[in-house]
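In: Below is the structure, and that's it, no one-letter string:
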Ligand SMILES: [Zn+2]
């Protein structure tokens, strides 16, 4: 893999506020539907637990450009840093790589063409789909529902 990307992936903790308590992907969080329903907003529940998709252009995270980290809205696991984000013009927060080992993937066929779905390794929450039309050098576009993320600025 490209050296710059590897560096970006290994220095993700530089984007986490100093005092933050960071969970590990292996510290699995298993909850039943009722617990999730109580903890999440209805919009976040629909995406994370029912594989819904938020309407394009509705997330305020589309315009989030401060240094920091995007964590799972379900379990707080850091998933992306601000330097992994790019403006795809699609209306969904988009990233060309991820913090290592935070997602698992599956194929889905909800549209006619197969897509690669990805979900949080810690809580199983659905986040979005990864496409192969992203920018160099990865060529990947992680198309993430904003409602499934929470942004934690580094400097506040
Ligand atoms: Zn999670």
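Out: That came through fine. Model, not experiment: these values are computed from the prediction. Numbers count the residues shown, from 1 in each chain.

In: Run through the residues of this protein sitting next to the ion.
Out: Remark: the part of the chain in contact with the ion comprises 72, 74-75, 77, 120, 122-123, 125, using C-beta under 5 Å from the ion. Every residue, glycine included, has its C-beta placed from N, CA and C.

In: where along the protein do the helices fall?
Out: In the chain, helices defined by DSSP state H lie at 3-10, 33-39, 42-50, listed in chain order.

In: want to throw these into CSV with mean neighbour count and mean pLDDT?
Out: CSV is the format used below for the helices of the chain (neighbours: other C-beta atoms under 10 Å; pLDDT from 0 to 100):
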stretch, mean neighbour count, mean pLDDT
helix 3-10, 13, 96
helix 33-39, 12, 97
helix 42-50, 18, 98
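
In: Distance to residue 98 added to these, as a markdown table?
Out: Shown next, in a markdown table, are these (distance: least, C-beta to C-beta, whole Å):
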| stretch | distance to residue 98 |
| --- | --- |
| helix 3-10 | 8 |
| helix 33-39 | 23 |
| helix 42-50 | 17 |
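
In: Name the nearest residue to residue 137, ignoring sequence neighbours.
Out: Nearest residue to residue 137, sequence neighbours excluded (C-beta to C-beta, 6 or more residues apart in numbering): residue 2, at 4.1 Å.

In: try residue 51
Out: Closest to residue 51 by C-beta to C-beta, 6+ apart is residue 126, at 4.4 Å.

In: shouldn't the one you found be in contact with residue 48?
Out: Yes - judged on C-beta atoms under 8 Å, residue 126 makes contact with residue 48 at a distance of 5.7 Å.

In: what touches both of those two?
Out: Contact criterion C-beta atoms under 8 Å, 6 or more residues apart in numbering; residues shared by residue 126 and residue 48: residue 148.
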